[in-house]
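# Structure for the following, please:
(2 chains)
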Protein chains: 2
Amino acid sequence: MSSSRTESTFSAESYFATQSAPPNLEQDILNVRTFIQRHAQAGRKVVLVTSGGTTVPLELNVVRFLDNFSAGTRGATSAEYFLKAGYAVIFMHRQFSLQPFSRHYSHSTHPFLDFLEIESDAPEETGSASPTHISVKASERTQLLQVLTAYKAVQKAGTLHTLTFVTVNDYLWLLRAVSQELSVLGRHALYYLAAAVSDFFLPRQKLSEHKIQSGKGSLHIEMDQVPKILKPLVSEWTRGEGYIVSFKLETDTSLLIPKARAALSRYGHQAVIGNDLHTRKHQVVFVSPVQTHSAPPAAGDKQTFTESWLRMDPVLTPEKEIEEDIVNKLVNRHQTWANMPGI
Amino acid sequence: MSSSRTESTFSAESYFATQSAPPNLEQDILNVRTFIQRHAQAGRKVVLVTSGGTTVPLELNVVRFLDNFSAGTRGATSAEYFLKAGYAVIFMHRQFSLQPFSRHYSHSTHPFLDFLEIESDAPEETGSASPTHISVKASERTQLLQVLTAYKAVQKAGTLHTLTFVTVNDYLWLLRAVSQELSVLGRHALYYLAAAVSDFFLPRQKLSEHKIQSGKGSLHIEMDQVPKILKPLVSEWTRGEGYIVSFKLETDTSLLIPKARAALSRYGHQAVIGNDLHTRKHQVVFVSPVQTHSAPPAAGDKQTFTESWLRMDPVLTPEKEIEEDIVNKLVNRHQTWANMPGI
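Numbering: from 1, shown residues only, chains lettered A, B, ... in the order given. The predicted structure follows:
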């Protein structure tokens, strides 16, 4: 999400009018609707968690694409804590990015094949081909049992619904559709927009059909700006009732708070969580407008903001995940928000 | 690899002279050297398998990057079959792309948490908190036991060495270093270059330090061509002795054979495996020069080529992996190559 003041070449309306919807959108919407209805009836709060980076294909038959750095750790970890807090979670993530529960067993950093063992049921001395079984190393059992128990409980309760996107176009169409569906929950819906969304894209009309051939000298790419969809998300799709949290990632910390404030003034949502690329696992800053009333401020309102930092000590508490504190803070804020009288 | 005839702005020499080496290169080289020495002494053939896509960062503090589409299926699958064929494998892959053995359990398509079960050792009726253990679903046991047995055997034999890259710069520095180390094996070294390598890059000198800010209108990127490193790889780094296989991926099938032939004439290596983005899992074409002598052809030689297609039927043999046939074919060709007299 950018705090740009210049108008992007595409408004949200013109974007959706000219760029085509992903093929499976209709089915995705129906599934989300069913999920939301079930949990609305159960009186459960629902959170939309977006996670991972979006791509911008350079070709229709895509070989090359622009991507945004994100493993999906923030989103996948937060989704687990939202489930723990009793929320139903719509986890809208980049295909192959980290997911709740399985994130603990990355094939690169903690491969599960390494903690499985093959045991023969026959005593060592009998060399006979005997039935074997697979067991979990003692050192891994406790954690795996915890993760597996939580995972099975969530499956049983049906509180996790997963959606995937790849391109920024998939993401924009899905975000609009899901937030429109979620708006039926009014103030009981929470939006946790942790995905790393491209600020730029190539309109379908500008894409080359086949793989760009090299050997023609250097490569020139010119991209258009992605429309600022937070504005219609806040004022139209969610009817100004959902509690909406966006993220701002910077590599220059001094930009965090000014850009967060600018985004809040511009879009009128409830919170921006600012994080620096290099310290994001240990500290984040919550930036919010001081709510004088429950309605989003009119354009031009002079606003005041509050900032509060969440920090953890990676040395003293290496096991601690900052997402636990982020989610707890938001659950409290969302409860307050849900109790506010409507406009 | 491109068949471009125009000169790229960077020669391999000028590239390595101006772009800085990845920080862990020295340690990576030492580990590879030890691995190669051990298997050279054991008289084992060694194959370098490169796998996955390379990135081109747009910023020094990377938030955005250009990427090449590749899950790493071809490389990870082929590595397994090379190990099965008795090769020692240097698996040089994109961080977080698919790896041999664990590739069977993608968190998205075949999550291992789904086939683990929690069993209580106490009879149902006693509700007492009793010790529990984790077991593998019956339906998954056979395959998992196969994969796990092969994985443990490879770990025990120490025949798989893994290296990771992220950027095209990491890749180029690693490829040069590893192929120089492998060259001690002469004709017993095989190079299987399945990675999807960017044809373009941004010289370090052109990178913006911090995240590119949006809102300044559209994004313009101009990239330089990556040097054609197959030429020095063939003639210098491997001294013309290694059996070198490159891949060509196209989305326009009619380009496959002409571009494969052009690459072989240009670089003088042994084989190009051509594949089309949409049919690559079911058919590939081997293109090779007709070897009149064992030396690479001098520039300007009029060459003749052979093409042979490998095809499988996804309906009749859905379980069959085309990489099994690709690797078997190459193992035979490499044996013939290894038996040829040196120049």
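# Let's verify A:Phe286: helix, strand, or coil?
Here A:Phe286 takes the strand state, with states given by DSSP: H, G, I helix; E, B strand; the rest coil.
# Tell me the bridge partners for A:Thr306.
Note on A:Thr306: beta-bridge partners A:Ser288, judged by DSSP bridges.
# what residues are up against it?
For A:Thr306, the contacting residues are A:286-290, by C-beta atoms under 8 Å, 6 or more residues apart in numbering or on different chains. All C-beta atoms are positioned from the backbone trio N, CA, C, and that covers glycine.
# Show the buried residues in those.
Neighbour counting by 16 or more other C-beta atoms under 10 Å in any protein chain shown classes A:286-289 among the contacts of A:Thr306 as buried.
# Indicate each strand paired with the strand or helix carrying A:Gly274 and its parallel or antiparallel sense.
Following DSSP states H and E, one finds A:Gly274 within strand A:271-276. Each strand that pairs with strand A:271-276, with its direction, by DSSP bridges: strand A:243-250 (parallel), strand A:283-289 (antiparallel).
# Go through that strand and flag the buried ones.
For strand A:271-276, a neighbour-count test (16+ other C-beta under 10 Å) marks A:271-276 as buried.
# Can you tell me which of the buried ones among the contacts of A:Thr306 is nearest chain B?
Of all those, chain B sits closest to A:Val287, with 17.9 Å by C-beta to the nearest C-beta.
# How much space separates the residue lying closest to that closest one once chain neighbours are set aside from chain B?
Counting by C-beta to C-beta, 6 or more residues apart in numbering or on different chains, A:Val287 lies nearest to A:Ala260, which is 3.9 Å off, once chain neighbours are set aside. According to C-beta to the nearest C-beta, to the nearest Å, A:Ala260 and chain B sit 14 Å apart.
# A:Ala260 in helix, strand or coil?
When classified by three-state DSSP, A:Ala260 comes out as helix.
# right, and it touches A:His269 too?
No: using C-beta atoms under 8 Å, A:Ala260 makes no contact with A:His269, being 10.9 Å away.
# Strands of chain A, start to end?
Assigned by DSSP state E, the strands in chain A fall at A:46-51, A:55-57, A:64-68, A:88-94, A:116-120, A:132-136, A:160-165, A:189-193, A:200-201, A:219-225, A:243-250, A:271-276, A:283-289, A:305-311.
# Quick one: closest of those strands to B:Asp224.
Nearest to B:Asp224 among the strands of chain A is strand A:219-225 (8.3 Å), distances taken as C-beta to C-beta.
# what's the angle from that closest one to strand B:64-68?
Here strand A:219-225 runs at an angle of 120 degrees relative to strand B:64-68 (axes from the mean of the first three to the mean of the last three C-alpha atoms, to 10 degrees).
# same for strand A:219-225, what does it pack against?
strand A:200-201, strand B:219-225 (3 or more C-beta pairs under 8 Å, 6 or more residues apart in numbering or on different chains; DSSP states H and E).
# ends of stretch A:49-65, how far apart?
Distance between the boundary residues of stretch A:49-65 (C-alpha to C-alpha, to the nearest Å) amounts to 24 Å.
# Tell me the buried residues in that stretch?
For stretch A:49-65, by 16+ other C-beta under 10 Å, it's A:49-59, A:61-65.
# now, which of these sits nearest A:Ser265?
Checking the buried residues of stretch A:49-65 one by one against A:Ser265 (C-beta to C-beta), the nearest turns out to be A:Thr50, at 22.4 Å.
# Tell me the confidence at the closest one?
Looking at A:Thr50, its pLDDT is 98.
# That one - nearest residue in space that isn't next to it in sequence?
Leaving aside its sequence neighbours, A:Thr50 sits nearest to A:Ala195 (C-beta to C-beta, 6+ apart; 3.8 Å).
# Was I right to think that neighbour contacts A:Ser51?
Yes: counting by C-beta under 8 Å, A:Ala195 touches A:Ser51, with 5.6 Å between them.
# Count the neighbours of the residue lying closest to A:Ser179 once chain neighbours are set aside for me.
Distances taken as C-beta to C-beta, 6+ apart place A:Trp237 nearest to A:Ser179, at 4.3 Å, with adjacent residues excluded. Counted with other C-beta atoms under 10 Å in any protein chain shown, the neighbours of A:Trp237 add up to 22.
# Can you list the low-confidence ranges for the stretch 101-250 of chain A?
A:121-131, A:210-217 (pLDDT under 70).
# Now do A:Phe65 against A:Leu207, distance only.
11 Å (C-beta to C-beta, to the nearest Å).
# what residues are shared contacts of the two?
Contacts common to A:Phe65 and A:Leu207, judged by C-beta under 8 Å, 6+ apart, are A:57-58.
# can you tell me which residues contact the closest residue to A:Val197 other than its chain neighbours?
Leaving out its chain neighbours, the residue that sits closest to A:Val197 by C-beta to C-beta, 6+ apart is A:Thr54, at 5.1 Å. Contact analysis of A:Thr54 by C-beta under 8 Å, 6+ apart lists A:67-68, A:94, A:165-168, A:170-171, A:195-198.
# Equivalent analysis for A:Glu181, please.
Applying C-beta under 8 Å, 6+ apart to A:Glu181 gives the contacts A:29, A:32-33, A:36.
# hmm, back to that, of the contacts of A:Thr54, which is the nearest to B:Tyr87?
Comparing the contacts of A:Thr54 against B:Tyr87 with C-beta to C-beta places A:Asp67 closest, at 32.8 Å.
# Could you tell me the per-residue confidence at the closest one?
For A:Asp67, the model assigns a pLDDT of 93.
# Excluding chain neighbours, give the residue nearest to it in space.
Counting by C-beta to C-beta, 6+ apart, the residue nearest A:Asp67 is B:Asp67, at 4.7 Å.
# and the gap between that neighbour and B:Asn275?
Distance from B:Asp67 to B:Asn275, by C-beta to C-beta: 19 Å.
# again, but for A:Ala338
Look at A:Ala338 and B:Asn275: by C-beta to C-beta, they are 54 Å apart.
# wait, isn't the residue nearest to A:Asp67 in contact with A:Val63?
No: between B:Asp67 and A:Val63 there is no contact under C-beta under 8 Å: 9.9 Å.
# Helices along chain A, start to end?
Under the criterion DSSP state H, chain A carries helices at the ranges A:12-18, A:25-41, A:73-84, A:138-157, A:168-182, A:230-232, A:256-267, A:322-339.
# now the third one and strand A:160-165, what's the angle there?
Helix A:73-84 runs at 160 degrees relative to strand A:160-165, counting by the same axes, to 10 degrees.
# which strands and helices sit next to helix A:73-84?
For helix A:73-84, the packing partners by 3+ C-beta pairs under 8 Å, 6+ apart come out as strand A:46-51, strand A:88-94, helix A:138-157, strand A:189-193, helix A:322-339.
# Contacts for that helix, please.
Applying C-beta under 8 Å, 6+ apart, the contact partners of helix A:73-84 are A:47, A:49-52, A:89, A:91, A:93, A:97-101, A:103, A:150, A:154, A:159-160, A:192, A:194-195, A:247, A:280-281, A:321, A:323-324, A:326-328, A:331.
# hmm, try it at 6 Å
Helix A:73-84 is contacted from outside by A:47, A:49, A:51, A:89, A:91, A:98-100, A:103, A:154, A:159, A:194, A:321, A:323-324, A:327, using C-beta atoms under 6 Å, 6 or more residues apart in numbering or on different chains.
# Now do it, average pLDDT.
The model assigns helix A:73-84 a mean pLDDT of 98.
# Convert it to CSV, retaining C-alpha atoms only.
What follows is helix A:73-84, C-alpha atoms only, in CSV (Å, rounded to 0.1, in the frame of the first residue of the first chain):
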residue,chain,number,x,y,z
THR,A,73,5.7,-15.8,7.7
ARG,A,74,3.7,-12.8,9.2
GLY,A,75,0.4,-14.0,7.7
ALA,A,76,0.7,-17.7,8.4
THR,A,77,1.9,-17.1,12.0
SER,A,78,-0.8,-14.6,12.7
ALA,A,79,-3.5,-16.9,11.2
GLU,A,80,-2.6,-19.5,13.8
TYR,A,81,-3.0,-17.0,16.7
PHE,A,82,-6.3,-15.7,15.3
LEU,A,83,-7.6,-19.3,15.2
LYS,A,84,-6.4,-19.7,18.8
